[in-house]
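In: The sequence and its predicted three-dimensional model are supplied below.
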Amino acid sequence: MRGQLAAALLLGAGLLGSGIYLWRHPRSVAEAQAGESGGTSDIAGAASSGSPRSSVDAGAGLFIALSEPRILGCHDRGVRITPADQCDHLSPVEKALSNAVEQSAACVPSSLSGTTIQYVADVSFSRHKVSLLLPRSGRSMHDHKVLLSCASAIRGAIATLALEGIDHEHARYKISVTATYRPAPTTGG
């Protein structure tokens, strides 16, 4: 009887573990894009829903498609957190982040086309600082050398952003833009 109970517990734990793994496992770019159009609820899907905002020639046979900038969260000092849908938009910061990602598109080699990177700007008005984050859950690229190169180029572009004249309701914001690097379309002829 104890052996059957132990086997049942092991089987249950295995099924639960495999279910959790399948729910949280990294997805391929094709699955991620299909999930985005279906309205998934994970961070990557929330960061880049719908059709891309723009598609820019990154050179070297690569195009970059950017999502609309998204506010992931905003808050003031203390424990109260404002839901993302109630945060005001910081258009100058959103535009600066999108432009920085577009300008640094050449940091991804054409051999890594089809990958996605989520860039998150952490804007702190109390510290007068803009930081850049690359969350693991929002990217399909795992080449650390390329990630560091892209992050360095974008940090350099947004580090000089002046926050003094920007209207805002909260002290801190997290703004996301997801970039998908695709191969350039071939022209027949």
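Out: Yes, it's here.
In: For residue 152, give its distance to residue 104.
Out: Distance check for residue 152 against residue 104: by C-beta to C-beta, to the nearest Å, it reads 9 Å. Where you see a C-beta, it was placed from the backbone N, CA and C, and this is true even at glycine.
In: doesn't residue 171 make contact with residue 125?
Out: Yes: Residue 125 is within contact range of residue 171, at 5.3 Å (criterion: C-beta atoms under 8 Å).
In: Can you check which residues contact both of these two?
Out: Residues touching both residue 125 and residue 171 (C-beta atoms under 8 Å, 6 or more residues apart in numbering): none.
In: SS state for residue 85?
Out: Here residue 85 is recorded as helix under DSSP: H, G, I helix; E, B strand; the rest coil.
In: neighbours around it, how many?
Out: When counting by other C-beta atoms under 10 Å, one arrives at 6 neighbours for residue 85.
In: show me the contacts for it.
Out: With contacts defined as C-beta under 8 Å, 6+ apart, residue 85 has no neighbours.
In: Show the pLDDT at it.
Out: Predicted confidence (pLDDT) for residue 85: 86.
In: Next: the one 10 residues further on.
Out: Model confidence at residue 95, expressed as pLDDT, equals 92.
In: quick one: contacts for it?
Out: Residues near residue 95 by C-beta under 8 Å, 6+ apart: residue 69.
In: How far off centre is the longest helix seen in the chain?
Out: Determined from DSSP state H, the single longest helix within the chain is helix 2-24. Taking C-alpha atoms, centre = their mean, to the nearest Å, the mean C-alpha location of helix 2-24 is offset from the chain mean by 33 Å.
In: higher neighbour count, residue 152 and residue 104?
Out: Taking neighbours as other C-beta under 10 Å, residue 152 and residue 104 compare with residue 104 leading, 22 against 13.
In: ok, now how distant is the nearest residue to that one once chain neighbours are set aside from residue 101?
Out: Nearest non-adjacent residue to residue 104, counting by C-beta to C-beta, 6 or more residues apart in numbering: residue 153, 3.6 Å away. According to C-beta to C-beta, residue 153 and residue 101 sit 9 Å apart.
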